[in-house]
Structures are given as structure tokens and as C-alpha cells.
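Peer 1: Sequence isn't available, so here's the structure alone:
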């Protein structure tokens, strides 16, 4: 049911955009066969949040490239299957040279084919007109009416990554407590999933900057977006630290592994809390304090004679340090707090997500 709710909102937007594009093509521009205008609107919006405006512009670029290539070859050698082949190849090659995404290449080829195949070039201008209508409607939807709040967009991706991290660390804690290699393998599987989450987060970081830069309603959010983007970048290091902890912990002798369990469980709880509300200052403060307590406790212990256990403790300290840094503490302050053994950390205020009462994104269905 939750997945159906997530799908319902973009489907509703795509349907509305297609209908509006068709109405404009029929009743405003007086287009006789406006089949591509609604298609263009749907295709342009068929991209992740934050990338839909760019997707609309890519669609337009592909259409222009395809029509231009086809019209040129029609003038040079006339119509026919040779023109069709040469136009398609030329349009796709030019799209490649422009470093176009797949949608640019596909639309360039389709536009070239239709321009040559239908009425010896008469379809080209009609397709361009439709593309302008459909992409224009999509841009209004993506950049004005339903533009995602960029900081909140980042926080969703952060929450997904943090949830996977918490689950993997919890599995690692159970694995070292029960001496269970299967649970350790499950934890590593979660960490492999984490790579996908971090890839999504990286794409979302770029998308959020584009939204703040190009969407009129969010231009004032550029500074908070930059702040949160830099903060989210620390999750890459945290993911690497978790993998190191998993491998080093399972590399220790079974009788020594229980020494690592309390620290791993405490850090897993901190990650789980952050996943539920990564933008809340008190949540970040609590997570940073938990991580600091773990790091201090490990630093206060005498040096381990067992090298594998010492490596595992070092990896645990790395995880604790990365949690503090994500919470907003500078690496230097985190290291100093651990060495001092006393005092408290003070997490700065996180970047604030803007709240605009009339923005329909507020009513987007969520799980």
C-alpha cells in the first residue's frame, strides 16, 4: 500500500500534465494531430525528483537535433530510405557528440525518423511544436507547481542511507555476539545495498543544487542546500568505516568478539535515530553524544595485545567519529573531544528546509 501511494502522486502529475498539454495543443495552438504534446509532457516528467526540469530540456534538445539533421538531409538528397538512414545516424551521432543522455539520443533518432518518414519533412515542425508544448508544461509542473524542496529532498536520501547503515551495523553486532557468519554475510549484503543508496544520495546532491539554482521558488535555499550537501558527503566515509568494522570484527577470535558488542549496538541505535529524523538538531546532538561516549570508552581502555581486536576497536572509533562529523561536528573538534575525555559537543543548527504554505509538494503522499 505504501508503494502504491508513492506511485500515485507522480502518476497523477503525469496524467494532469499530459491532459493540459493536449488541451493547449488542440485549443490554443490549433494543432490538428497533437499526439506528441502529451507524450512529451509525460516523458519529460518521467525522472527522479529534482531532475525533471533537466529531463524536459534534454527532450527538447533531442527533438531539435533530430529535426535539424533530417531537414538538412531532405534538402541535400531528398526523401527515401537512404535519407532516413543517414538522418537517423547523423542525429544520433550529433547527440552523442553533445554528450547527450539516453533521452537526448532517443528523441534525436525518433524525431529524425518521423521527419523523413511522414510527409517528407512536414512532420518535423509539428513535432517540434508538440515538444515545446509538452516540455513547457512539464517545466511549469517541475519548476513551479510541484518543485521539490531541495533540503527535504536531500534529507530523504540521507534517511534511506542511514537506515541501511543502522540495519547493517545491527546485524554486525548480532553476528559478533552470536558468532554467526550468516548474520555477518547479511550485514555485508546490506552494505552492498548501501552503495546503491549512496549513489542515489550523490545524484540527489546534484539534483538539489540544480533545483535551488533553477526553480524560482527555491532560489533563496541555495545556502542551506550547500550546507546540507557538504554534510551529506560525509556519509560516504561512514559507509566505508562500517564495512571495515564488519570485516575486522569478524576477523577477531570468537572469545574476544563480545567486547565489541556494546559499542556496535550503541552506534547502531544512534544511526537508527538519525535515519528517522536526520534534520532534527536534538537528534543529531544525541547521536553525536552517543558516538562520543563510545569513542571515549574505547580510547580509555588499555592497548589490546590481540592485533585483530585492536583493529576492530579502531574501526569502531572510525564509525563513531564519522557519526559525529555527519551530525555537524568538525573532525578536529571530534578528535579533540575524544582525547580530552571530558566536556561536551555542541552540534550546530542543521540546514533548515523551507516551508511554503502554497507549495503542493507538502501534500505529496509519504509512507
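Peer 2: Arrived safely, thanks for sending. Fair warning: this is a prediction, and the values are worked out from it, not measured in the lab.

Peer 1: From here on, just use CA atoms for contacts and neighbour counts.
Peer 2: Fine.

Peer 1: What is whichever strand or helix holds residue 154 packed up against?
Peer 2: According to DSSP states H and E, residue 154 maps onto helix 150-178. With contacts taken as 3 or more Cα pairs under 8 Å, 6 or more residues apart in numbering; DSSP states H and E, helix 150-178 sits against helix 181-214, helix 222-232, helix 234-250, helix 261-276.

Peer 1: And for the residue lying closest to residue 233 once chain neighbours are set aside, the neighbour number?
Peer 2: Distances taken as Cα to Cα, 6 or more residues apart in numbering place residue 202 nearest to residue 233, at 7.9 Å, with adjacent residues excluded. For residue 202, the count of nearby residues is 18 (other Cα atoms under 10 Å).

Peer 1: how close does residue 202 sit to residue 211?
Peer 2: 14 Å (Cα to Cα, to the nearest Å).

Peer 1: again with residue 91
Peer 2: 30 Å.

Peer 1: With residue 146 instead?
Peer 2: For residue 146, the distance to residue 211 - Cα to Cα - is 11 Å.

Peer 1: Also residue 312?
Peer 2: From residue 312 to residue 211 the distance is 41 Å (Cα to Cα).

Peer 1: more crowded one of those two?
Peer 2: Using other Cα under 10 Å, the more surrounded residue of residue 312 and residue 211 is residue 211, with 30 against 22.

Peer 1: Name the nearest residue to that one, ignoring sequence neighbours.
Peer 2: residue 50 (5.8 Å).

Peer 1: For burial, what's the neighbour tally of that neighbour?
Peer 2: Neighbours of residue 50 using other Cα under 10 Å come to 27.

Peer 1: Tell me who's in contact with it.
Peer 2: 142, 147-148, 150, 153, 204, 207-208, 210-211 (Cα atoms under 8 Å, 6 or more residues apart in numbering).

Peer 1: now do residue 95
Peer 2: Neighbours of residue 95 in contact, by Cα under 8 Å, 6+ apart: 62, 65, 104-105, 108.

Peer 1: Low-confidence stretches in this protein?
Peer 2: Applying pLDDT under 70 to the chain flags residues 1-6, 31-33, 119-124, 302-304, 342, 355-367.

Peer 1: switch the cut-off to 50
Peer 2: Low-confidence segments of the chain (pLDDT under 50): 357-367.

Peer 1: Chain neighbours aside, what residue packs nearest to the residue nearest the centre of it?
Peer 2: Nearest to the geometric centre of the chain sits residue 204, at 3.0 Å (Cα atoms, centre = their mean). Distances taken as Cα to Cα, 6+ apart place residue 154 nearest to residue 204, at 6.2 Å, with adjacent residues excluded.

Peer 1: Pretty sure that neighbour sits against residue 206.
Peer 2: No - taking contacts as Cα atoms under 8 Å, residue 154 lies outside contact range of residue 206: 9.7 Å.

Peer 1: Who has more neighbours out of the two?
Peer 2: residue 154 (28 against 14).

Peer 1: Contact partners for the more buried one?
Peer 2: 201, 204-205, 208, 228-229, 232 are the contacts of residue 154 under Cα under 8 Å, 6+ apart.

Peer 1: Likewise for residue 106?
Peer 2: Taking Cα under 8 Å, 6+ apart as the criterion, residue 106 is in contact with 62, 92.

Peer 1: Helix or strand: which one has it?
Peer 2: helix 102-117.

Peer 1: Skip ahead from that helix and say which helix or strand is next.
Peer 2: helix 123-140.

Peer 1: Buried residues, that following helix. List them.
Peer 2: Neighbour-count burial for helix 123-140, counted by 16 or more other Cα atoms under 10 Å, picks out 123-139.

Peer 1: And stretch 318-335, by the same measure?
Peer 2: 318-329, 334-335.
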